[in-house]
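Visitor: give me a model of this one.
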Amino acid sequence: EEECQAEGNVYDDGNCQQLPDTGGEGGEGSTAVDANGNLTTSAAEFSGGWTNTGTYATSVEISKDGGNVDAVQVIRFDPAHVGQEVDIILILAVQLPPTFGSIYWYVVDTTGIVGPTLTLDIAGIEALETHTVVADEPKVMGLYEFEDLALGIVADFMFYFGYRTDDATIYFSGEPITLKVR
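Guide: Residues are numbered from 1 along each chain as shown. Purely as a prediction, here's the structure:
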């Protein structure tokens, strides 16, 4: 299990599984957002997904009346950040059916889920935890088990994992892992 996770994979039910890429544009790097909302790219990489069948994917679909799913995300830090203490962050976007229009943004922190807001305050995102970046050592987030998850609504729940450096730049997965509730 330790060898599997050290390589940035997930150890689940006795198997070491490589996760699908949820990195930045083109699959390389990640989106970086500074305190002014400017976008750049970095050498950080993100992978992760959901499973309800034993095979991970960037999105899965469950019934709004309930279902069992597992989620995991792996952050591979930009080598430029080795030695830095960073904030691990998780942003949740909820998109209701088109008749409702808007995406509602939430921040997941140590107190739970905070929101919603219609615009995301980049500078105000609270950290889930702090982490010191070690060379070639990814951060495995999960495995999170959601059993008998009955949400009762039709929506897409989009999870963006990431981290914030001491200069207030946020690096997060360019594509979310998405739970489709139908």
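
Visitor: next up, the contacts around the most centrally placed residue in the chain.
Guide: Nearest to the geometric centre of the chain sits F161, at 2.7 Å (C-alpha atoms, centre = their mean). Shown in contact with F161 (C-beta atoms under 8 Å, 6 or more residues apart in numbering): F46, G48, Q73, I75, I88, I89, L90, M141, F172, S173. All C-beta spots, glycine's among them, are computed from the backbone N, C-alpha and C.

Visitor: who does the fifth one form a beta bridge with?
Guide: With DSSP bridges as the criterion, I88 is bridged to E129, Y163.

Visitor: correct me if wrong: it contacts M141.
Guide: Yes. Using C-beta atoms under 8 Å, I88 is in contact with M141, at 7.4 Å.

Visitor: neighbour count for these two, which is higher?
Guide: Neighbour totals were compared for I88 and M141, and M141 leads with 20 against 17 (other C-beta atoms under 10 Å).

Visitor: which element is that one on?
Guide: strand 139-146 (DSSP states H and E).

Visitor: which residues in this protein form helices?
Guide: Ranges of helices in the chain, per DSSP state H, are 2-6.

Visitor: low-confidence ranges, it, go.
Guide: Flagging of the chain using pLDDT under 70 yields the residue ranges 24-29, 99-101, 120, 122-123.

Visitor: OK, contacts around I103?
Guide: Neighbours of I103 in contact, by C-beta under 8 Å, 6+ apart: A93, V94, Q95, L118.

Visitor: give me the distance between it and G83.
Guide: 36 Å (C-beta to C-beta, to the nearest Å).

Visitor: identify the residues contacting the residue nearest to the residue nearest to the centre of the chain when sequence neighbours are not counted.
Guide: With C-beta to C-beta, 6 or more residues apart in numbering as the criterion, F161 has its nearest non-adjacent residue at 4.3 Å, and that residue is Q73. Q73 is in contact with L19, T22, F46, S47, G48, V140, M141, G142, F159, F161, S173, I177, counting by C-beta under 8 Å, 6+ apart.

Visitor: so what's Q73 bridging to?
Guide: Beta-bridge partners recorded for Q73 (DSSP bridges): G48, M141.

Visitor: all further residue positions should be reported with the first residue as 56.
Guide: With the count now opening at 56, the last piece we talked about shows up as Q128.

Visitor: before we move on, back to that, most neighbours, which of the contacts of Q128?
Guide: Most neighbours among the contacts of Q128, by other C-beta under 10 Å: F101, with 30 neighbours.

Visitor: can you verify my assumption that it contacts F132?
Guide: No. With contacts defined as C-beta under 8 Å, F101 does not count as touching F132, sitting 10.1 Å away.

Visitor: any shared contact partners between the two?
Guide: Overlap of the contact sets of F101 and F132 (by C-beta under 8 Å, 6+ apart) is empty.
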